[in-house]
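Chemist: One predicted model, sequence on top.
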Amino acid sequence: MSSTLTDSFSPAFDVTRPATWRHPAVFNSPHSGSIYPGGLQAMTRLDPLTLRKSEDCYIDKLFQGVADLGCPLLAARFPRVFLDVNREPYEFDPAMFDGPLPTFVNTSSLRVVGGLGTIPRIVSENETIYAQHLTWADANDRIERVYRPYHHTLAGLIEEARQEFGHAILIDCHSMPSSAARLSSSRGQPRADIVLGDRYGASCDHAITRFLEALFADAGLSVVHNKPYAGGYITQAYGSPHNGKHALQIEINRALYMNERTLEKTPGYLELNHILSDVLDQFVSALGDLLSPVPVAAE
């Protein structure tokens, strides 16, 4: 069998399990992958720094301490420009391909129209990623060998937590450009440091969202809900509060911890790391008291 671009990512993601799983939380970092193999770079028209503009730089590192708190972390190793697992499996822009796509492909979602489908057309600065058309065989290979195993693993972790604790809370971890953080704030208000997305209450119990908001606020960070990020495909697909499965998205303002032009860490990284460690420790420790277990047979 001939080698494909997907072979460059082995493994495609990491699962860091705690020595003892003590809390019903599962943490996920789908956009922090930072491996850009030569085969991928040869397909793009962008320089390496620009190619990384859509990457949630260092988010996997900022959340890696959750294993010490007794919770697992799933983190992508592949970059978002290669594959975005926070999308439906087949959200593709037909203009990116060298031939017609199967009829089951979603070619008209708002995310596809905006250039941010399952295989993105652009990076966050609206620059086109690929210098050539993609083949359906390549795209489908990414889905079958990376996307599906990733979601199979994520779903398995969530169900494992629910079986063990009676409910599960998925924390989907992301970063946002400071320009988006300004959009999330009302006129005259400071920029948002944190945006919590629970799909307006559809993916997560309000008690969980409010509690985490209070913890961040007590730590001196400004927090807003659902604007401009209410949650993506992952929170929509896995958040089912009435079945004991909650999904909450966290967006962290990149200006808190990194230089957005050079992508280097700033002194704020260590401060944010300490804040997150303290906030997340308090958060996961309280989850058992926030929610009553839902019988597994409820589904």
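Modeler: Alright, I've got the coordinates. Predicted, not measured: the structure shown is a model, and the values here were computed from it. Residues are numbered from 1 along each chain as shown.

Chemist: Who are the contact partners of His246?
Modeler: For His246, the contact set (CB atoms under 8 Å, 6 or more residues apart in numbering) comprises His167, Ala168, Ile169, Leu170, Ser203, Cys204, Asp205, Ile208, Gly239, Leu291. Any C-beta I mention is one placed from the backbone N, CA and C, and that applies to glycine too.

Chemist: run the last query once more with 6 Å
Modeler: His246 sits next to Ile169, Cys204, Asp205, Ile208 when contact means CB atoms under 6 Å, 6 or more residues apart in numbering.

Chemist: same question, Ile59
Modeler: Shown here is Ile59, whose contacts under the criterion CB under 6 Å, 6+ apart are Ser29, Ser32, Cys173, Ser175.

Chemist: again with Phe13
Modeler: Taking CB under 6 Å, 6+ apart, we find Phe13 in contact with Ala76, Arg77, Tyr150.

Chemist: same deal with Asp93?
Modeler: For Asp93, the residues meeting the contact criterion (CB under 6 Å, 6+ apart) are Val112, Gly117, Arg121.

Chemist: Let me see the ranges of the helices in the stretch 1-150 of the chain.
Modeler: With DSSP state H, counting those that start in this stretch applied, the stretch 1-150 of the chain shows helices at 38-43, 48-51, 59-62, 110-113, 136-142, 148-165, listed in chain order.

Chemist: now the first one: mean pLDDT?
Modeler: For helix 38-43, the mean pLDDT works out to 94.

Chemist: quick check, distance from it to the centre of its chain.
Modeler: For helix 38-43, the distance from its own C-alpha centre to the chain's C-alpha centre is 24 Å (CA atoms, centre = their mean, to the nearest Å).

Chemist: Please list the outside residues in contact with that helix.
Modeler: Taking contacts as CB under 6 Å, 6+ apart, the residues outside helix 38-43 that touch it are Leu5, Ser8, Phe82, Tyr130.

Chemist: What pLDDT does the model give the third one?
Modeler: With respect to pLDDT, Phe82 scores 97.

Chemist: Nearest spatial neighbour of it, chain-adjacent residues omitted?
Modeler: In space, not counting the residues next to it along the chain, Phe82 is nearest to Leu40; the distance is 5.9 Å by CB to CB, 6 or more residues apart in numbering.
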